[in-house]
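> Provided below for reference: sequence and predicted model.
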There are 2 protein chains.
Amino acid sequence: MILEIAQIDVKPGSEAEFEAGITKAAEIFRAAAGCRSFAVRRSIEKPQRYRLLIEWDTLEAHTKDFTGSQAWKDYRAMVSPYFEAPPQVEHTELTLQAF
Amino acid sequence: MILEIAQIDVKPGSEAEFEAGITKAAEIFRAAAGCRSFAVRRSIEKPQRYRLLIEWDTLEAHTKDFTGSQAWKDYRAMVSPYFEAPPQVEHTELTLQAF
């Protein structure tokens, strides 16, 4: 299982619209093959910064099958108007789950 | 519940030592008041980059009670020799857990 961490800074004042958009967009991820969980978190120190934490069965389920698809285009249309800058996306593997 | 996300870039070649140190250090977090989970993840795109994902009951459990304590000093002694740069630490609140 891969955890995608996407850091998204939104335009000042667009937080509510972004949150509404990403809540709607979550249904696109729910329907995506290989997508296992979808959470949105907001930074306490930088309230215009959000992180999507998305679990995928494989790296390719995200980077090859989903990215660039029509579903991906639909998702981006819902939220990209609120982006202050392009999202910073990284994928991570579990090293340790201590407790 | 607060999720701390700490981004740590380690010195080239020190990955194994860092992983051994953070595995040992996890026991310090297990004993820390208000600390609820502790995971370490490694970036696929940047293999020298790790992220600690640590859940705390409150922001203050981390920033006031833990940071600067003797336990924190012990933790830092176990892993800071491998840091390439100071960790980037942020705290996040859950906006949405869609699935």
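Nice, I can see it.
> Just confirm A:Asp74 contacts A:Ile28, I think it does.
Yes: the criterion here is Cβ atoms under 8 Å, and A:Asp74 meets it with A:Ile28 at 5.9 Å. C-beta coordinates here come from the backbone N, C-alpha and C atoms, glycine included.
> higher neighbour count, the two?
Using other Cβ atoms under 10 Å in any protein chain shown, the more surrounded residue of A:Asp74 and A:Ile28 is A:Ile28, with 20 against 13.
> I'd like to know how far the more buried one sits from chain B.
10 Å (Cβ to the nearest Cβ, to the nearest Å).
> Could you report the distance from A:Leu96 to B:Ala20?
According to Cβ to Cβ, to the nearest Å, A:Leu96 stands 10 Å off from B:Ala20.
> now what about the longest helix seen in chain A, what contacts it?
Looking across chain A with DSSP state H, the single longest helix is helix A:15-30. Applying Cβ atoms under 8 Å, 6 or more residues apart in numbering or on different chains, the external contacts of helix A:15-30 come out as A:8, A:10, A:35, A:38, A:40, A:47-48, A:50, A:52, A:54, A:71-72, A:74-75, A:78-79, A:81-82, B:95-96, B:98-99.
> same question, stretch A:42-55
Stretch A:42-55 is contacted by residues A:1-12, A:15, A:18, A:22, A:29, A:35-41, A:62, A:84, A:87, B:2, B:5, B:59, B:90-93, B:95 when judged by Cβ under 8 Å, 6+ apart.
> How is the most centrally placed residue in chain A assigned, secondary-structure-wise?
By Cα atoms, centre = their mean, chain A has its centre lying nearest to A:Leu52, at 3.7 Å. Assigned by DSSP: H, G, I helix; E, B strand; the rest coil, the conformation of A:Leu52 is strand.
> Could you pull out the strands in chain A for me?
Taking DSSP state E as the criterion, chain A contains strands spanning A:2-9, A:35-43, A:49-56, A:88-97.
> winner for burial among these?
Neighbour counts (mean count of other Cβ atoms under 10 Å in any protein chain shown) averaged over each of those peak at strand A:49-56, with a mean of 21.
> so how far is that one off the chain centroid?
Centroid displacement of strand A:49-56 relative to its chain, using Cα atoms, centre = their mean, to the nearest Å, is 4 Å.
> what's the angle from that strand to strand B:49-56?
Computed by axes from the mean of the first three to the mean of the last three Cα atoms, to 10 degrees, the angle separating strand A:49-56 from strand B:49-56 equals 100 degrees.
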